[in-house]
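Student: Here is my input, please return the structure:
(4 chains)
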Protein chains: 2
Amino acid sequence: MAELTGLQTQYILHWGEMGTRWGINRTVAQIHALLYLSPRALPAEEIAETLSVARSNVSTSIRELETWGIVRAVHVLGDRREHYESMKDVWEMFRLVIEQRKRREIDPTREVLRRCLAELDAKEPGADYTRERLEAMAGFFEAVTELYDQMKRLPTGTVRKLLRMGTKVRKKAG
Amino acid sequence: MAELTGLQTQYILHWGEMGTRWGINRTVAQIHALLYLSPRALPAEEIAETLSVARSNVSTSIRELETWGIVRAVHVLGDRREHYESMKDVWEMFRLVIEQRKRREIDPTREVLRRCLAELDAKEPGADYTRERLEAMAGFFEAVTELYDQMKRLPTGTVRKLLRMGTKVRKKAG
DNA sequence: CTGTATATTCTGTCTGTACTGAACTAAACG
DNA sequence: CGTTTAGTTCAGTACAGACAGAATATACAG
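Tutor: Reported below is the predicted structural model:
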C-alpha cells in the first residue's frame, strides 16, 4: 500500500463520503477502507502518509475502529511499531457495527418510550391520543429489537444462505 | 398542541437527539416528533412557537419532511394557512425513510463497487487481492439490496406478522 | 389596486465537530 | 541512562452545517 492505484483511491474516497452520511467520521471511514483493501497490516505512519492526514488523527481514528472491534493491532517481527489490519469478513463487520449502533440508538429510544408510557398520566390533556401514538412507536422499536435478536442467534453464514434461498424462491415464483 | 406536556417535550427532545445521530437534522426530527404526537395538523407558525425555532427554519424543515413523504400539508376551512400533519403509520414511515436512504447510500455504493470491479486491471499490483475484497463487499451490498427488495414486496402488515410468528416459534423452542 | 397575512429564499452568524501540529508520555535500543 | 522512536493527548484552528432574521415573493381580502 505504498502507493494507491486509482481504483483504490476511488474506493477509499467513496467510503469516506458514505461514512459522513452515516454519521461516521470521514477519516475513520477512509482508514477502514484502506485497511480493508490492504493485503498486509499497516503502521500508523504509513496510513497517515497514504491518506495525507495528521498522525494524531490516525491515532484517534484507529482507536475508534478498535473499539468497534473491526480493526486490530498486530505485530511484525523486527518492527516495534504497531501494524493495523481490518477484519475481512464483511458480514461480521457490519454485524458488529449494527450491534453497537443499536445499543446507542435503538435501545435508548426504547427506554424513553417505555418510560414515557409508564409516566403518562391519564389526566393530562389528550392522554389517550398520546398513548396511542407512543404505543405504536414503541411497538415498532420492540419489533425491530426482536428481529435483531433473532438474526443475531443465527450462526454467521446462515443469513447469507437464507437470503439466497429467498432469491431463488422469488425467481421461481415470478 | 398549544402547550406541550412534560412527556411530549421529553419525546420531542429525544427524537431530535436521535435524529442527529442518524444524520437527520435536529429541527427536522423535532418537528416530525411534534406532528406525530399532534392530534391535529399544525400551521408553521405554531410549530415555530412551540419548538422555539425560527419560522424560516420550520419552512425548510417541513419541506424536507414533505420530500420524504412522511408529512403533508392539509387545509382547514376558514383558514388560509397550510396545516401540516405527519403520517401516523409508523411502519410505513420507516419504510419510506429507509427506501430513500437506500437510494442515497446503498445504491451509489453498489454502483461504485461494480464500476471498480469492471475497471480493475489484472495487471495492476495486487489486482487479485483487490478483486477478492471488492467482490466480498459487493456481494454484501447485493444481498442487502435483495433483502430490501423482498421486504418491499410484502404488503404492509405482513412484516409485522412474520415477526410475531418468529417470536412465538423462538419462545416455544427456547 | 392596496394592504395584510402567509410562505420562501437568502445572507450572515453561530455552533459543534474534525483536524492539525505541538507537547507530552512511554517504550526500546545501544 | 541518554537517545531515538512510537504513540497519545491537548489546544487552537478550520470547516460544514444549522439557524435566525431580513428580504423577498405570493396570495388573498377589502
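
Student: Those residues of chain A touching DNA strand C, which are they?
Tutor: A:25-28, A:52-57, A:60-61, A:80 (C-beta under 7 Å from any atom of the strand). C-beta coordinates here come from the backbone N, C-alpha and C atoms, glycine included.

Student: quick one: which of those has the most company?
Tutor: Within these, neighbour counts (other C-beta atoms under 10 Å in any protein chain shown) peak at residue A:61, which reaches 24 neighbours.

Student: in what helix or strand does that residue lie?
Tutor: helix A:55-68 (DSSP states H and E).

Student: Show me what that helix is in contact with.
Tutor: A:25, A:27-28, A:31-32, A:35, A:44-45, A:47-48, A:51, A:71-73, A:84, A:86, A:96-97, A:100 (C-beta atoms under 8 Å, 6 or more residues apart in numbering or on different chains).

Student: tell me which parts of chain A are close to DNA strand D?
Tutor: A:20, A:43-45, A:55-56, A:59-60, A:62-63, A:80-82.

Student: Can you report phi and psi for the residue lying farthest from the centre of chain A?
Tutor: Distance from the centre of chain A peaks at residue A:123, with 42.6 Å (C-alpha atoms, centre = their mean). Main-chain dihedrals, residue A:123, degrees, to the nearest 10: phi -90, psi -20.

Student: how far away is it from chain B?
Tutor: Using C-beta to the nearest C-beta, to the nearest Å, residue A:123 is found at 11 Å from chain B.

Student: what's the neighbour count on the nearest residue to residue A:8 once chain neighbours are set aside?
Tutor: Once flanking residues are discounted, residue A:8 sits nearest to residue A:37: 5.5 Å by C-beta to C-beta, 6 or more residues apart in numbering or on different chains. Each residue near residue A:37 was counted by other C-beta under 10 Å, and the total is 23.

Student: Now do the same contact list for residue A:37.
Tutor: For residue A:37, the contact set (C-beta under 8 Å, 6+ apart) comprises A:1, A:8, A:11, A:12, B:129, B:130, B:133, B:134.

Student: pLDDT and secondary structure for those - can I get that in CSV?
Tutor: CSV is the format used below for these (pLDDT from 0 to 100; DSSP: H, G, I helix; E, B strand; the rest coil):
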residue, pLDDT, secondary structure
A:1, 60, coil
A:8, 95, helix
A:11, 97, helix
A:12, 98, helix
B:129, 96, helix
B:130, 96, helix
B:133, 97, helix
B:134, 97, helix
